[in-house]
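S.K.: next input, structure requested:
(one chain, ligands or ions: 1)
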Amino acid sequence: MSMITSTNAAHSAATIPSRSGDFTARAEAVAKVAAAAATSVDRDSRFPTEAFDEIRRQGLLGILVPEALGGEGASPSDVIDICYRIAQSCGSTGLIYAMHQVKAACILPYADGNPTLEAIVRRLAKDQLLLASSTTEGLAGANIRESEAPIEYAGDQISLVRKATCISYGLEADGIVTTARRSENSAPSDQVLAVFLKSSYTLDPSHSWDTLGMRGTRSEGFMLRAKGVVGNIVATPYEKIHLRSMVPSAHLFWGAVWAGIAASAVARGQAFIRSASRHSNGKVPPGAAHLTSAAASLHTLLGLLARAARKYELAIDDADALQSLEFQTMITLTKIEASELALATVLRAMRACGLAGYRNDSEFSIARHLRDVLSSPIMINNDRVLGNLGGPTLMTPLPRTIMR
Ligand SMILES: Cc1cc2nc3c(=O)[nH]c(=O)nc-3n(C[C@H](O)[C@H](O)[C@H](O)COP(=O)(O)OP(=O)(O)OC[C@H]3O[C@@H](n4cnc5c(N)ncnc54)[C@H](O)[C@@H]3O)c2cc1C
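M.R.: Presented below is the predicted three-dimensional model:
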């Protein structure tokens with residue numbers, strides 16, 4: 001059995017056995033720890049430290065890294081399943097894990113032949129580094145496909161000063177993966193992706209994080225000042241990384257988190273209806289119809305994600321297929337549909353529970369689920385995504401068959 005060594009002194013010096021392939025048991029171990037901390041993570045808007053200690057203990061941060069570079073070569077489906085399981089316990093923990101894996105997916109295919117990036121990738125597996133993301137920038141910077149701050153060059157050395165409006169777990173991360181304008185002379189849409197480890201940047205706080213939900217993600221704003229070498233920049237233009245890696249992995253991993261929150265709400269609805277039925281001599285409570293409709297939308301959501309994940313895995317090594325209008329339309333609509341279905345499912349589960357679901361202080365409370373899942377349509381705003389999709393939707397031929 002191979003060994004994963006967690007040597008990052010900041011985290012743990014323990015050597016843990018690789019349980020390659022046994023992702024289910026490892027995710028469930030994390031889910032158990034995350035569930036115990038979920039209420040206080042939400043109430044105190046704090047980073048889920050206990051869950052991430054367990055995630056590192058289970059060696060789950062570097063699983064996408066190929067075996068040759070010290071990882072486990074996990075598939076997107078493996079990550080999707082882990083996100084789903086963890087988010088059933090704590091939405092914030094699930095989303096942080098998902099965001100980290102999205103960043104890993106955006107670096108791994110492009111690190112080959114770049115010694116700086118290869119070293120970071122090896123450390124991702126060996127030291128269980130946690131990566132954060134900076135795409136949102138400035139006051140009007142929610143357009144991920146445009147950057148304001150440029151990379152500045154001095155020979156081989158580079159620097160970046162960026163108004164990062166929102167970096168989830170920025171203070172807790174070991175590294176930041178950021179978009180940037182290629183150079184001072186480049187257009188805003190001519191972007192690169194750069195990776196900086198903690199020792200090479202500073203974060204000066206600019207925006208706090210006191211939100212309705214996803215409170216444990218601590219998505220505060222910062223002035224990011226980073227220094228590095230040209231090797232910190234991914235050579236492939238961000239435009240291509242965006243289509244081939246960022247969009248599919250973000251939509252699927254985030255979608256799995258929203259599905260996990262929805263599944264947990266449905267489980268509470270089931271528990272409530274069972275309890276109410278016991279208290280009324282077996283009579284089916286009136287809220288049962290809402291529960292049925294919540295379960296139906298959950299199943300639709302799971303089917304949608306499973307189908308999209310299968311299509312992604314089939315196309316994953318084919319850049320042209322990933323960039324095709326058909327795939328991009330499918331994977332973009334998956335984000336819209338997944339966020340809307342997750343929200344509808346949680347709302348239905350809450351209606352199944354009635355006041356018991358609406359309360360904060362009930363064992364059947366759906367309050368945290370609802371607050372957390374409300375972030376899904378605005379995390380890359382659905383209106384913006386739909387607006388951008390107007391043209392491509394007109395151009396994409398409709399399927400001629402159902403059985404594909
Ligand atoms: C929990 C959470 C964690 C996050 N973590 C990070 C992170 O780690 N790093 C990071 O960089 N960012 C992060 N973000 C920010 C996220 O990526 C988006 O940038 C942000 O949620 C978009 O905010 P917005 O809706 O105000 O912006 P916009 O997309 O600018 O939308 C503003 C308003 O304009 C409307 N609008 C926009 N475009 C259109 C259109 N075409 N047609 C009609 N209406 C339109 C929207 O409906 C909305 O009302 C996070 C967000 C959340 C919720």
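S.K.: burial check on the residue in the chain positioned nearest to the ligand, number of neighbours?
M.R.: Ranked by Cβ to the nearest ligand atom, the top residue of the chain for proximity to the ligand is residue 387, at 2.4 Å. Placement of C-beta: from N, CA and C, glycine included. Other residues lying near residue 387 total 10 when counted by other Cβ atoms under 10 Å.
S.K.: now residue 361
M.R.: There are 7 residues near residue 361, going by other Cβ under 10 Å.
S.K.: do the same with residue 32
M.R.: For residue 32, which is what you asked about, the neighbour count (other Cβ under 10 Å) is 12.
S.K.: how about the nearest residue to it, chain neighbours excluded?
M.R.: The shortest distance from residue 32 to any residue that is not its chain neighbour, by Cβ to Cβ, 6 or more residues apart in numbering, is 7.4 Å, and that residue is residue 89.
S.K.: wouldn't that neighbour be in contact with residue 34 here?
M.R.: Yes - the pair residue 89 / residue 34 is scored as a contact, 4.0 Å apart, by Cβ atoms under 8 Å.
S.K.: looking at the two, which one has more neighbours?
M.R.: residue 34 (29 against 24).
S.K.: for the more buried one, what are its contacts?
M.R.: Taking Cβ atoms under 8 Å, 6 or more residues apart in numbering as the criterion, residue 34 is in contact with 48, 50, 51, 54, 86, 89, 90, 93, 94.
S.K.: what is the burial count for residue 227?
M.R.: Using other Cβ under 10 Å, residue 227 has 17 neighbouring residues.
S.K.: now it, what's its secondary structure?
M.R.: Secondary structure for residue 227, judged by DSSP: H, G, I helix; E, B strand; the rest coil, is strand.
S.K.: just residue 235 next, same as before
M.R.: Under three-state DSSP, residue 235 falls in the coil class.
S.K.: before we move on, back to that, then the residue nearest to residue 32 would be within a helix, right?
M.R.: No - the assignment for residue 89 is coil, going by three-state DSSP, so no helix is present there.
S.K.: the helix ranked longest in the chain packs against which elements?
M.R.: Longest among the helix segments of the chain by residue count, using DSSP state H, is helix 247-279. Under the contact criterion of 3 or more Cβ pairs under 8 Å, 6 or more residues apart in numbering; DSSP states H and E, the helices and strands touching helix 247-279 comprise helix 76-87, helix 91-107, helix 288-315, helix 325-353, helix 355-358, helix 367-373.
S.K.: between these, which one is closest to residue 143.
M.R.: Within the helices and strands packed on helix 247-279, the stretch nearest residue 143 is helix 325-353; the backing value is 14.8 Å (Cβ to Cβ).
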